[in-house]
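Q: Sequence and computational prediction follow.
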Amino acid sequence: MFYRNIDEGKVISQEEISKGIFSLWIKNKGAAYANAGQFVGVYPKSKDTLLMRPISICETDEKESKMRLVYRVSGKGTKEFSELKEGDNVKLLANLGNGFPVDEVKGKCIVLMGGGIGIPPMLGVAKALKGEDVNAFLGYRDRDMFLHEDFMSACKVYIATEDGSVGVKGNVIDALKASTGLKPDVIMACGPMPMLRAIKKYAEENNIKAYISLEERMACGIGACLGCVCKTVKKDGHSHVNNTRICTEGPVFDAEEVDI
Amino acid sequence: MNTKVTIAGVEFRNPVMSASGTFGSGMEYSNFVDLNKLGAVVTKGVSNIPWEGNPTPRVAEVYGGMLNAIGLQNPGVDVFIERDLAFLEKYDTNVIVNVCGKSVEDYIEAVERLNDTNVSMFEINVSCPNVKEGAIAFGQKADALFNITDKIKKVAKKPIIMKLSPNVTDITEMAKAAEAAGSDAISLINTITGMKIDIERRKFVLANKTGGMSGPAIKPVAVRMVYQCSKAVNIPIIGMGGIMTGEDAVEFLMAGASAVAVGAANFINPFAMTDVIDGIENYMRKHNISDINEIIGCV
């Protein structure tokens, strides 16, 4: 359901789940209406910062109206968030963007792919598709992994590490290729741009439908500033210039429709 | 308590407008703000044909503000009229269309297409620092500004507002040129050209290298320029640059602005427009001001 507001959220818990990666549970109104793959804007309190920080929703607890954000500390804003404690207030712009089309892929052989800090939103997708034929490929740098155990409770999990310390040595596509017998109908993915480019190419070559979640620097998060655009194959619906808004038309796109 | 102001014969219910480019055409913010409460919606820049804009990254946060180099991406005047103006017609507020172009002919073509619509005024963007041709080239030399103002004024069927750039040696020279050529009002300031470098990657943060700075840090520069222009010309001024609160807006009014525009604040707080309106009213109540016009240019 569409929900768009400024939420005054309350921190329920926070822990560092891997080096520099934090898991933050927040109770807020928008959590009850979020779709897997949507994101929120989190406002830092410090006057050193002004803009909200866009962070993907990892998973939600609809009944309790809670959402989990798993993010990497990468600057002033996220550093501040990492210091939030139980009971603290946190202001959010919720909910932003569109999620993954989970209802459209039911009954199919589904492959989820997450790379690095692109892994968290895929957990919500795995949980939304619980009971379906879901295979999650998670790519990490090394054995310092996170969220993989959460995925195991929802779907089959395959690991790829760059250094080969766990699972297949290489990336998520190498891991998929190594899984003989698995023939995906659809791939849904989030991760760094080189990974998404490779998935787009692999999906096209193998005639697989692919949905990818993109990110870009953004200011407003609601489609007004046109800061966060992505090149599209066809004319975009808003500006008619092959530049679509990641915050509004995305962040999840049919891989065939974007020129990345 | 009267908050009405009049600019070039157009009446505004209050002096608070959106700054072009920060509010889309109002649609995106209508989830947060009742557009009927605004003095005006000033739309994102629109050109005669669709403009693609610049490569990404287009925005960056800086201390006290942000840089943007969107490059005036817009769908062109035809889609704008069909979709955005049709949407805005549902609301009881003034619509000011910001018009941009790469040549005088581009501006004139867009203005002519908009002439017979219901909009209240045109704001002519001769001050965007992020496009290579046109735009700011017309806004940094007094004779070029006079020339384009004169040509647009001859075809425009609505009052025009020339939007001035702060990236000049003496902004009052630009204000005087706009006035001499018949501009009905001026708005200032557009963004201040800036740059941010990522020292870890040794690269420019913005793909365009430079971007326009906006946000609270630029407010003192903007207030100073509004004050100087108000002493230099007799046409009304719409003041903008870093307005976050009602108090900020009052400062601009006192400096000589007849109205104000709220820009980057919309990105920081989606309720900024109505918060500024409420803040002005609170200030008026607190100081027993019955008519907002009393404080315009009072310093």
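A: Arrived safely.

Q: In terms of helix, strand or coil, where does the residue of the stretch 151-299 of chain B found nearest chain A fall?
A: Using C-beta to the nearest C-beta, the closest approach of the stretch 151-299 of chain B to chain A is made by B:Phe267 at 4.4 Å. All C-beta atoms are positioned from the backbone trio N, CA, C, and that covers glycine. At B:Phe267 the chain is in helix, as set by DSSP: H, G, I helix; E, B strand; the rest coil.

Q: Contact partners for it?
A: B:Phe267 sits next to A:50-51, A:219-220, A:224-225, B:22, B:66 when contact means C-beta atoms under 8 Å, 6 or more residues apart in numbering or on different chains.

Q: how does it look with 6 Å?
A: B:Phe267 makes contact with A:219-220, according to C-beta atoms under 6 Å, 6 or more residues apart in numbering or on different chains.

Q: Same question for A:Glu62.
A: Shown in contact with A:Glu62 (C-beta under 6 Å, 6+ apart): A:Ala32.

Q: quick one: the strands in the stretch 101-250 of chain B?
A: Using DSSP state E, counting those that start in this stretch, the strands of the stretch 101-250 of chain B run over residues B:121-125, B:160-163, B:185-188, B:192-195, B:197-198, B:203-204, B:210-214, B:237-240.

Q: Okay, strands next: where are they in the stretch 51-200 of chain A?
A: Using DSSP E, counting those that start in this stretch, strands in the stretch 51-200 of chain A cover A:53-61, A:66-72, A:89-96, A:109-115, A:133-140, A:156-161, A:168-169, A:186-190.

Q: can you list the residues of the stretch 151-299 of chain B near chain A?
A: B:267-268 (C-beta under 6 Å from any C-beta of the partner chain).

Q: Please apply the same query to the stretch 1-150 of chain B.
A: The stretch 1-150 of chain B comes close to chain A at residues B:23-24, B:28, B:31, B:50, B:52, B:56-59, B:61, B:70, B:73, B:75, B:79, as judged by C-beta under 6 Å from any C-beta.

Q: out of those residues, which is most surrounded?
A: The most neighbours of any of the residues of the stretch 1-150 of chain B next to chain A, using other C-beta atoms under 10 Å in any protein chain shown, belong to B:Phe23, which has 29 neighbours.

Q: Compile the strands of the stretch 51-200 of chain A into TSV and extend it with columns for mean pLDDT.
A: As requested, the strands of the stretch 51-200 of chain A are exported to TSV (pLDDT from 0 to 100):
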stretch	mean pLDDT
strand A:53-61	98
strand A:66-72	98
strand A:89-96	98
strand A:109-115	98
strand A:133-140	98
strand A:156-161	98
strand A:168-169	97
strand A:186-190	98
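
Q: Which among these is found nearest to chain B?
A: strand A:89-96 (7.0 Å).

Q: and the residue of the stretch 151-299 of chain B closest to chain A, what pLDDT?
A: pLDDT recorded at B:Phe267 is 97.

Q: what's the single longest helix in chain A?
A: Using DSSP state H, we find that the single longest helix of chain A is helix A:193-205.

Q: circling back: of the residues of the stretch 1-150 of chain B next to chain A, which belong to strands?
A: If you go by DSSP state E, the residues of the stretch 1-150 of chain B next to chain A have B:59, B:61 in strands.
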